[in-house]
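Asker: Structure for the following, please:
(2 chains)
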Amino acid sequence: MIEIARYIVSGLLLALVQTFILQEVNIAWWIKPMPYILLFLNIPVAMNKFGMLIGAFFFGMTIDAFGGSMGMHTAACVSLVYLKYHIDAYFLDENSMQLQGLSVMHEDYKGWQWYYIYVFSLTFLHHLVFFTFDYFRWSAFLTIIWISLTSSIASVFFIQIFRLLTGKR
Amino acid sequence: MLVIFRWIRNQAHPLLFVLLLLSAVTQIFRYHFYQHSIYFGQALGAHRQLDQWKSDVKAYFNLRQVNQQLINENTLLKQQLNWNLTFNSPKRDSSYQDDKTGNFVKYEYIQARVIRNSVQDQNNFIILDRGFKDGIKRHMSVVSPMGIVGVVVESAEHYSLVMSVLNSKFEITPYIYDLKTSQGVISWNGEDPTMVDLEEVNRFVKVKNGMKLFTSNYSLLFPAGIPIGTIVKSSSNLKSNFHRISVKLATDFGQLDVVTVIKNIHQKELDVLNQAIPADKEDDNDRNR
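Answerer: Just a heads-up that it's a prediction; the model follows:
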C-alpha cells in the first residue's frame, strides 16, 4: 500500500516537473523531453497489468489537465504501458531478476548497453505515439521520426539525472 | 455466449488498452481543433462523393417540399410588401392601416394548388385544393406568378371552383400601361388557349404591338398591376369604331400549378356598395370588374 502511495506521489511530482518546467522551457523546437515515463520504468515488472493500464490512463490525464493538451499524453502513456508489458514478457526473465534482487530493469541486470537500449526504445515508442498525435499528418512523417529521436535522447538524459537525484542506483 | 465471455476474459488486457486509447483519442479529436479538422477532413473526403450522390437523390425527392416552403415564404413576403395597396390608392393612407398590427394592408394572399385544370373546353374551370375553410370565398381573384388566372365562383369546404380567363363568361378591363389608360374588354373567343381578344378599344387610341396590359384599378376583384398579356396583333378599319386586338396571355394555362388567391379584406364594403347600384346599371358594373 505504501508503495502505491509512493508511486502516486512521485507521479504527481514528475507531472508537476513536466508541466511547470520542461514544457515551459523552450530548448529547441525539435527537443521536447518527457522524462515522466521514469514513473513507469520504476514500477515493478510483476505489477498488475490492468491496474497499470488504468493508472497510466489517469496519470496521462493528469499531465494533460495540467498542460492543457487533452488526450495526447494519455494516449502515449496507455500505449507505452501496453507495449512495455509485452516487451517485458519477451525480454525480461522474472526469475533471474528475482535472483539478482531486482524488481525493475537495471544496469546490473544484463549490463548498461541492454539497459539503455531498453529505456531508449520505450521512450522512443512513447514519443512516437505522442508526436504522431501532435502532428497528425502523413507529410510530417519524417518530422515525427526526427523529433521523436531527438526528444527521446533528451528524455533519457533527464531520466538519468532524476535517477541520480533520487539516489536510485 | 460462453465462448464470447471466455474470449473477452482472455483478451481483457488488449481490450482494455484499446478502450483507454480510444477514449484518449476521442479527447484529442474533441479538444484539439487542429487534429479535429485534419481527421474529419480526411474522413469526410472519402465519403464526400457518396454524400454528394445521396444529397442529390434526397434533394430530388425533397423538391416538392422545398417548393412548398418557397411558396409559403413568397406568400409571407407578399403580405409584408408595402405595395400591398393598389398603386393608385394613396399609399400609407391611415384609413388602410390595420388596427392591430399597424401594417398597411388591403389584400391578403392565400396560396393554393391547382388540382384540375382544362384548356380545351369553351368554358374552362379550374379546381383548387383550398376551400372556405382556408378563407376562400366567391369573387376572390386568382393569380399565378405569371399573371391573372381567374375568379373564384364557388367554394366548398376544401375545394373551390375558379372561372378561368379561358371562359366565355370572363371579362376584364385592362390597363394599357404605355398609354396610361384603361379601355376595352378582354374576353376569350374559345379558340387558342394562349390568346384572348381585346375589344371595344376606341379606334383613335394609338395601339401598338408589344404593349403590355395589366389589371386596372377600376377592377373590384383584381388588385391593379397584375400582368394580363401583351398585344401581338391589332387592326382597325373605317367601318368600325373599334380596334380588333389580339392579346397573348401572360399566364401559360397549360403549366398552372401553384396559384395565389387574393382576398380583398374590404370585400364586404364593396359588395354592399355594389348592391346599392340601381338595377338597370348592373350590366355595366359587371362588365367593369
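Asker: Quick one: name the residues of the stretch 1-150 of chain B near chain A.
Answerer: B:12-14, B:16-17, B:20-21, B:23-32, B:34-35, B:38-39 (Cβ under 8 Å from any Cβ of the partner chain). C-beta here means a position set from N, CA and C on the backbone, and glycine is covered the same way.
Asker: ok, A:V45 - how many residues close by?
Answerer: A:V45 has 16 neighbouring residues, counting by other Cβ atoms under 10 Å in any protein chain shown.
Asker: which SS state does it fall under?
Answerer: Secondary structure assignment for A:V45 (DSSP: H, G, I helix; E, B strand; the rest coil): coil.
Asker: hang on, it packs against A:Y109?
Answerer: No. At 10.5 Å, A:V45 does not count as touching A:Y109 under the criterion of Cβ atoms under 8 Å.
Asker: any shared contact partners between the two?
Answerer: Taking Cβ atoms under 8 Å, 6 or more residues apart in numbering or on different chains as the contact rule, A:V45 and A:Y109 both touch A:L92, A:M97.
Asker: From the residues of the stretch 1-150 of chain B next to chain A, which land in helices?
Answerer: Counting by DSSP state H, the part of those found in helices is B:12-14, B:16-17, B:20-21, B:23-31, B:34-35, B:38-39.
Asker: Whichever of these end up buried, select them in ChimeraX.
Answerer: Applying 16 or more other Cβ atoms under 10 Å in any protein chain shown to these, the buried members can be selected in ChimeraX as follows:
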select /B:16,17,20,21,24,25,27,28,29,35,38
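Asker: Tell me the pLDDT of A:I159.
Answerer: Note for A:I159: predicted pLDDT of 92.
Asker: who's in contact with the helix or strand it falls within?
Answerer: Secondary structure assignment for A:I159, by DSSP states H and E: helix A:141-165. Contacts to helix A:141-165, defined as Cβ under 8 Å, 6+ apart, come from residues A:14, A:22, A:27, A:30-35, A:37-38, A:41, A:116, A:119-120, A:123-124, A:127-128, A:130-132, A:134-135, A:169.
Asker: For ChimeraX, write a command that selects the buried ones of those residues.
Answerer: Of those, the buried ones can be selected in ChimeraX as follows, counting by 16+ other Cβ under 10 Å:
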select /A:14,22,32,33,34,35,37,38,41,119,120,123,124,127,128,130,131,132,134,135
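Asker: List, one by one, the residues from chain A near chain B.
Answerer: So chain A meets chain B at A:49-50, A:53-54, A:56-57, A:60, A:64, A:69-72, A:74-75, A:78-79, A:82, A:85, A:133, A:136-137 (Cβ under 8 Å from any Cβ).
Asker: so of those residues, which ones are in helices?
Answerer: A:49-50, A:53-54, A:56-57, A:60, A:64, A:72, A:74-75, A:78-79, A:82, A:85, A:133.
Asker: Poorly predicted segments of chain A, please.
Answerer: Within chain A, the ranges that satisfy pLDDT under 70 run A:168-169.
Asker: which residue is nearest the middle of it?
Answerer: Geometric centre of chain A, nearest residue: A:I37, 2.0 Å, by Cα atoms, centre = their mean.
Asker: Please name the nearest non-neighbouring residue to it.
Answerer: A:H126 (5.5 Å; Cβ to Cβ, 6 or more residues apart in numbering or on different chains).
Asker: That neighbour contacts A:L80, doesn't it?
Answerer: Yes. In this structure, A:H126 is within contact of A:L80 by Cβ under 8 Å, at 4.2 Å.
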